[in-house]
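1. no sequence on hand, only this structure:
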């Protein structure tokens, strides 16, 4: 009989949602005295990390986030199966990306400011049709963003190390193709890469300079992928038209960070794709049934790759 | 040999675009001395209206707008075929509608204001999925908005006098069903109706009151369809959550109009779906080939119905 330990700020909600699913042989615990006998943990990676030394019976941990950095640190045990949250964020990320692309083409902020001055601003709008988007990373989230982009008849370019089989990507590029070459024809560049040693500071001053001056940069992956200083410079000098950042090297972004003042920048405070408990509980339930049946779990994290 | 009179502020652009299409036997004129021998007119409805008494040979007029009110006035001649611009606006209107629905669910303006105060606002976002939209009017534009809404997995309700065969509409309602009843389950109400005697002031205080308090109202049809005073009241009292208005009874909206100050209102200054000359020239070219071949034209306006 599996013992599931819930390690979350929203433990009460998860307890309720799991009970509603009629999962077989489910025992849920939350109190510290049960840590050592729990074979399954569900929760935030940072909370699981803190409890890790005492989880003597741990066989499987399910993260409620996509990012699992706290559990990847050097020297931490890796003698259990780690699964993360995937599949549920693609739609939310896609809605996020579309929101800001549309706002940009529709000149929403310009019109809103005109409205404050009671000025009738009938400037023509642009359309997403026939624009070109570049996706850094074409995993489950990138593929979903690609699907949404194609629906709006945007040309989709994908830069990836792995899969090249997404039907919604028109043009694939792979390393060692330089990122500078990849971004040159783009109207929009979207970073969806996870945080790994390979992706750190991947988006350099040189990559930003290679983007057309009318281009938008969106970061929904991880803040560490971007040279934030170079980005602030690119915005100040008009090397790119604007940026939409959901993630940062340091979160929350400190009040004294110069990014707050960079022109044509939207800061969305890591709100692009929340882990909605309903989604996560459903995902856990499906994996739990596999666990009980002795089947392979889905969304297993490769400790070496980091995602 | 047809003589095509162009009556547009952008006549030069249209002359170029028509010449590029290699239309058979095309003679284009723009000067007043040719008005009386032109059998075809292409242009803005108000300019065609002014010239109408002198267009002795007129057989067909193609409006570059969707709205043709100036040519529908009582007492004006109707001894020619009037066609309007259709088919080209659906995509632009849909992008517009999606822009503002997404902004609303994503709390974009709230986050932008937080950013001005260097405040990290990680409030959870909503999603369009499983929301319910109601379309007043399901013609070619409404059907396209329905297609976009379905892609985002929004439930689509349509209120129409005519067609009930759009595959993207889940629930149809027709007169004499009261509008109050139609709007009650909606998260979003979008008016796409043309301006006709039947649609004037259709959206009354009572209809707005019947909407849920969290609902958004969007008007991309005609301003005359809405009781603007009642709408300003509904916004002030919080009877609805917000409104996005592209069209008004009087345009440009006069600076002294109280709507400028209504809370939770976006004014987009009739920019939702511009008549892009490339689109209109292509549409005219297709109709011109039918005209020359003696075939029925598309998008013929019924003078009695008014669209």
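-> All right, it came through fine. Everything numeric in this text was worked out from a predicted model, so none of it was measured.
2. dump the residue contacts of the spatially most central residue of chain A.
-> Geometric centre of chain A, nearest residue: residue A:221, 4.3 Å, by C-alpha atoms, centre = their mean. Shown in contact with residue A:221 (C-beta atoms under 8 Å, 6 or more residues apart in numbering or on different chains): A:136-137, A:191-195, A:199, A:247. Just so you know, the C-beta spots here come from the backbone N, C-alpha and C atoms, and that holds for glycine as well.
3. quick check: residues of the stretch 1-150 of chain A near chain B?
-> A:91-92, A:95-96, A:98-99, A:102-103, A:105-106, A:108-109, A:111-112, A:114-115, A:118, A:120-125, A:127-129, A:148 (C-beta under 8 Å from any C-beta of the partner chain).
4. buried ones from those, can you make that a PyMOL selection?
-> Buried residues within these, by 16 or more other C-beta atoms under 10 Å in any protein chain shown, are selected in PyMOL with:
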select buried, chain A and resi 91+92+95+96+98+99+102+103+105+106+108+109+111+112+114+115+120+121+125+127+128+148
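5. in helices only, show me the residues of the stretch 1-150 of chain A next to chain B.
-> A:91-92, A:95-96, A:98-99, A:102-103, A:105, A:108-109, A:111-112, A:114-115, A:148 (DSSP state H).
6. need the max-distance pair from these.
-> A:91 and A:114 (32.7 Å; C-beta to C-beta).
7. and residue A:294, how many neighbours?
-> 6 (other C-beta atoms under 10 Å in any protein chain shown).
8. for it, phi and psi?
-> phi 70, psi 20 (degrees, to the nearest 10).
9. what's the closest non-adjacent residue to the residue in the stretch 151-300 of chain A that chain B sits nearest to?
-> Ranked by C-beta to the nearest C-beta, the top residue of the stretch 151-300 of chain A for proximity to chain B is residue A:252, at 3.7 Å. Leaving out its chain neighbours, the residue that sits closest to residue A:252 by C-beta to C-beta, 6 or more residues apart in numbering or on different chains is residue B:120, at 3.7 Å.
10. from residue B:304, how far off is that neighbour?
-> 59 Å (C-beta to C-beta, to the nearest Å).
11. distance from the one helix or strand residue A:134 maps to to the middle of the chain?
-> Element membership of residue A:134, judged by DSSP states H and E, is strand A:132-136. Strand A:132-136 sits 15 Å away from the centroid of its parent chain (C-alpha atoms, centre = their mean, to the nearest Å).
12. would you mind confirming that residue A:23 makes contact with residue A:282?
-> No. Proximity of residue A:23 to residue A:282 does not meet the contact threshold set by C-beta atoms under 8 Å, at 11.2 Å.
13. higher neighbour count, those two?
-> For residue A:23 versus residue A:282, neighbours defined as other C-beta under 10 Å are more numerous around residue A:23 (18 against 15).
14. circling back: you'd agree the residue nearest to residue A:252 is up against residue A:253?
-> Yes. With contact defined as C-beta under 8 Å, residue B:120 and residue A:253 form a contacting pair (6.1 Å).
15. between those two, which contacts overlap?
-> With C-beta under 8 Å, 6+ apart, residue B:120 and residue A:253 have common neighbours residue A:269.
16. and the helices in chain A?
-> Under DSSP H, chain A gives helices at A:11-19, A:45-51, A:89-105, A:108-116, A:140-151, A:179-183, A:205-210, A:228-236, A:277-293.
17. now these in a markdown table, with mean pLDDT?
-> Below are the helices of chain A laid out as a markdown table (pLDDT from 0 to 100):
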| stretch | mean pLDDT |
| --- | --- |
| helix A:11-19 | 96 |
| helix A:45-51 | 97 |
| helix A:89-105 | 97 |
| helix A:108-116 | 95 |
| helix A:140-151 | 96 |
| helix A:179-183 | 98 |
| helix A:205-210 | 98 |
| helix A:228-236 | 97 |
| helix A:277-293 | 95 |
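18. any chance of TSV for those helices, columns distance to residue B:206?
-> Listed next are the helices of chain A as TSV, based on distance: least, C-beta to C-beta, whole Å:
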stretch	distance to residue B:206
helix A:11-19	39
helix A:45-51	52
helix A:89-105	33
helix A:108-116	28
helix A:140-151	37
helix A:179-183	54
helix A:205-210	54
helix A:228-236	49
helix A:277-293	36
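19. now for those, which one comes closest to residue B:160?
-> helix A:140-151 (24.5 Å).
20. how about the residues of the stretch 201-307 of chain A near chain B?
-> Counting by C-beta under 8 Å from any C-beta, the stretch 201-307 of chain A sits next to chain B at A:251-253, A:255, A:260, A:266-272, A:274, A:276.
21. quick revisit: OK, contacts around the residue of the stretch 151-300 of chain A closest to chain B?
-> A:269, B:120, B:122.
22. could you pull up phi and psi at the second one?
-> When you say that, I think you mean residue B:120. According to degrees, to the nearest 10, residue B:120 has phi -80, psi 100.
23. give me the distance between it and residue A:97.
-> When residue B:120 is compared with residue A:97 (using C-beta to C-beta), they lie 21 Å apart.
24. could you do residue A:280 as well?
-> With C-beta to C-beta as the criterion, residue A:280 and residue A:97 are 21 Å apart.
25. same check, this time on residue A:133
-> Separation of residue A:133 from residue A:97 (C-beta to C-beta): 8 Å.
26. residues in contact with both of these two, list them for me.
-> A:145, A:149, A:190.
27. how far does stretch A:148-161 sit from the chain's center?
-> 17 Å.
28. give the buried residues for it.
-> Those would be A:148-152, A:154-160, for stretch A:148-161 by 16+ other C-beta under 10 Å.
29. which one of the contacts of residue A:252 is nearest to residue B:57?
-> residue A:269 (64.4 Å).
30. can you report phi and psi for that closest one?
-> Backbone geometry at residue A:269, expressed as degrees, to the nearest 10, gives phi 50, psi 50.
31. help me confirm that it comes into contact with residue A:246.
-> Yes. Using C-beta under 8 Å, residue A:269 is in contact with residue A:246, at 7.4 Å.
32. between these two, which one's more packed in?
-> Each of residue A:269 and residue A:246 has its neighbours counted (other C-beta under 10 Å); residue A:246 has more, 25 against 20.
33. and the gap between that one and residue A:72?
-> In this view, residue A:246 and residue A:72 are 21 Å apart by C-beta to C-beta.
34. same thing with residue A:102?
-> Going from residue A:102 to residue A:72 by C-beta to C-beta gives 36 Å.
35. now residue A:292
-> From residue A:292 to residue A:72 the distance is 27 Å (C-beta to C-beta).
36. comparing those two, which shows the higher neighbour count?
-> Neighbours per residue, other C-beta under 10 Å: of residue A:292 and residue A:72, the larger number sits with residue A:72, 20 against 15.
37. now the residue of the stretch 151-300 of chain A closest to chain B. Its backbone dihedrals?
-> phi -60, psi 150.
38. how much space between it and residue A:118?
-> Remark: distance between residue A:252 and residue A:118 (C-beta to C-beta) = 36 Å.
39. residue A:54 too?
-> Distance, residue A:54 to residue A:118, using C-beta to C-beta: 63 Å.
40. contacting residues for the nearest residue to residue A:155 once chain neighbours are set aside?
-> Leaving aside its chain neighbours, residue A:155 sits nearest to residue A:132 (4.3 Å; criterion: C-beta to C-beta, 6+ apart). Going by C-beta under 8 Å, 6+ apart, residue A:132 touches A:154-157, A:185-188.
41. ok so, going back, out of the residues of the stretch 201-307 of chain A next to chain B, which sit inside strands?
-> A:266-267 (DSSP state E).
42. what subset of the residues of the stretch 201-307 of chain A next to chain B is buried?
-> In these, the ones that pass as buried (16+ other C-beta under 10 Å) are A:253, A:260, A:266-272, A:274, A:276.
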